[in-house]
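Visitor: After the sequence you'll find the predicted model.
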Amino acid sequence: MFAQMNIGFIGGGNMGEALIRGILGASLFTADRVHVFDVSAQRMDHLRRTYSLQAASDIAAMAETCQILVIAVKPQNIVPVFEGIRQHLSHKPIVVSIAAGIALSTISQALPEGPAIVRVMPNAPALVLQGASALSRGPKVSDGQMELVLSLFRSVGSAVEVDEKWMDAITGLSGSGPGYILLVIESLIEAGVLLGIPRQISKELVVQTVVGTALMAKETGKHPTELKDIITSPGGTTIRGLQVLEDEAVRGAFMRAVEAATQRSIELGKK
């Protein structure tokens, strides 16, 4: 599928490295066809030594060499990237952006050569190849090109194509979602410690409970309400705990958290 293609990563941080590890592990590319540029020489050296890939010294030269360019920098750092590659895209590469809040239209205006552009919202579990990524395509992206990009992100988890109008909400939901889940995990661990359970045992039990519950929801395909009913006996312990969570409006708090994160994604896109 990717024969004779070169892929370049502009930004070699955690998410960039996760994608590199994923595509190499899935044998989508050989290391000699993976290029990376990062402002940190230390980071570049780490990636070169760890994955035997090509460390680029010049962003423009890398852009001209690669058929797929992955922009893996923070939103506030994306303008210098546009300036560095905009005159080096005459070969019409696929440009993939994972910068939160940056719209397809913004990228198109910044890159006048008119490349095919895909906007992606991945999330942190991609670091362990269990991510959830949402992808939106620009008007110049063909079905074949979109399938190529979907394959890249499927190497680090699941990937779905969505309408761009949902991307800010997806950023607030699955992009920020791991932060919410980690807060739940931390709180449950502390609850165990409060009740006298040794911290390491509490952590092991809580983490496996969360992992197992997520797999149960995924593999059964049942609605969470249906699964919750299975483990909530009349007059039992679970319903007593759930009553407290409802009294504390935890459900509404999560919904407001997603709304707040979504609004922040919109704000980032306007800067």
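Guide: All right, it came through fine. Please read all numbers here as calculations on a predicted model, not as lab measurements.
Visitor: which ones are touching residue 227?
Guide: When contacts are counted by C-beta atoms under 8 Å, 6 or more residues apart in numbering, residue 227 touches 216-217, 220. C-beta coordinates here come from the backbone N, C-alpha and C atoms, glycine included.
Visitor: Could you check the pLDDT of it?
Guide: Note on residue 227: pLDDT of 97.
Visitor: measure it to residue 184 for me?
Guide: 17 Å (C-beta to C-beta, to the nearest Å).
Visitor: And residue 178, by the same measure?
Guide: Distance from residue 178 to residue 184, by C-beta to C-beta: 11 Å.
Visitor: Can you list the helices and strands that the one helix or strand residue 108 maps to packs against?
Guide: According to DSSP states H and E, residue 108 maps onto helix 104-110. With contacts taken as 3 or more C-beta pairs under 8 Å, 6 or more residues apart in numbering; DSSP states H and E, helix 104-110 sits against helix 78-85, strand 116-121.
Visitor: mean pLDDT for the ones you listed: which is lowest?
Guide: helix 78-85 (a mean of 90).
Visitor: Only the C-alpha atoms, please, for the helix or strand just after that one, written as CSV.
Guide: Counting by DSSP H and E, the next helix or strand C-terminal to helix 78-85 is strand 94-97. In CSV, the C-alpha atoms belonging to strand 94-97 read as follows (Å, rounded to 0.1, in the frame of the first residue of the first chain):
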residue,chain,number,x,y,z
ILE,A,94,-0.9,14.3,1.7
VAL,A,95,-0.6,16.6,4.7
VAL,A,96,-1.9,15.2,8.0
SER,A,97,-2.4,17.5,10.9
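Visitor: rewinding a little: between the helices and strands packed on helix 104-110, which one is closest to residue 53.
Guide: Closest approach to residue 53 among those (C-beta to C-beta): helix 78-85, 18.8 Å.
Visitor: Off-centre distance for stretch 40-59?
Guide: Centre-to-centre, stretch 40-59 and its host chain are 22 Å apart (C-alpha atoms, centre = their mean, to the nearest Å).
Visitor: end to end, how far does it reach?
Guide: Using C-alpha to C-alpha, to the nearest Å, one end of stretch 40-59 lies 13 Å from the other.
Visitor: what residues does that stretch touch?
Guide: 8, 10, 12-13, 17, 20-21, 24, 31-38, 62, 81, 84-85.
Visitor: Out of those, which sit inside strands?
Guide: With DSSP state E as the criterion, strands contain 8, 10, 34-37 from among the contacts of stretch 40-59.
Visitor: from those, which single one is nearest residue 156?
Guide: Using C-beta to C-beta, the ones in strands among the contacts of stretch 40-59 come closest to residue 156 at residue 34, 14.2 Å.
Visitor: thinking again about what came up before, for the helices and strands packed on helix 104-110, give me CSV that also has mean neighbour count and distance to residue 128.
Guide: Listed next are the helices and strands packed on helix 104-110 as CSV, based on neighbours: other C-beta atoms under 10 Å; distance: least, C-beta to C-beta, whole Å:
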stretch, mean neighbour count, distance to residue 128
helix 78-85, 17, 26
strand 116-121, 25, 18
